[in-house]
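Enquirer: need coordinates for the below:
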Amino acid sequence: MNGQDGICSHSGIKLGVEDLSKEEFEQFASQVESIALQRGTSPKTWEAFKTYLKANGPFTEIIDGSNVAFYNQSFSGGSFQFHQLGRVYDVLRNEEKDGRARKPLVSTSREATVFAILI
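Expert: Residues are numbered from 1 along each chain as shown. Sure thing, here's the model as predicted:
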């Protein structure tokens, strides 16, 4: 990404932001749940995650933690960079959206996090 303009430095495509209607969001959430359960997340773990989201949300955006932490790390010796992820989180957390503080949710795979901790 190039600064605040939303243009991908690799493809030159401008990334957009889409707000979902309540119905679209519910459909999206249902699809995410279906995929999570199909890929082996236990119903108990999924319910715990949904409880966490209800107790700690709403969130203003989701940060793909693995992609952020592995950004520019495709070289021998490259690794999960917690500081990169922390910087993105801090930038978003310290900005406002629609006059309110932003509250990002960081998502990453268990495999990526365990791999990063083991390195």
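Enquirer: which residue is nearest the middle of this structure?
Expert: In the chain, the residue lying closest to the centroid (C-alpha atoms, centre = their mean) is residue 63, at 2.4 Å.
Enquirer: in this structure, which helix has the most residues?
Expert: helix 22-38 (DSSP state H).
Enquirer: show me how far it is from its chain's centre.
Expert: What separates the centre of helix 22-38 from the centre of its chain is 16 Å, taken as C-alpha atoms, centre = their mean, to the nearest Å.
Enquirer: tell me the SS of the residue nearest to the centre of the chain?
Expert: Secondary structure assignment for residue 63 (DSSP: H, G, I helix; E, B strand; the rest coil): strand.
Enquirer: would you agree it is in contact with residue 87?
Expert: No: here residue 63 does not reach residue 87: they are 10.9 Å apart, not a contact under C-beta atoms under 8 Å. From N, CA and C alone the C-beta is placed, and that goes for glycine too.
Enquirer: tell me where the model's unsure across this structure.
Expert: 1-5, 9-10, 15, 110-119 (pLDDT under 70).
Enquirer: hey, where'd the helices end up in it?
Expert: Per DSSP H, the chain carries helices over the ranges 22-38, 43-56, 65-69, 82-93, 110-118.
Enquirer: quick check: which of those is buried the most?
Expert: helix 65-69 (a mean of 19; mean count of other C-beta atoms under 10 Å).
Enquirer: from residue 106, how far out is the residue nearest to the centre of the chain?
Expert: Relative to residue 106, residue 63 is positioned 5 Å away (C-beta to C-beta, to the nearest Å).
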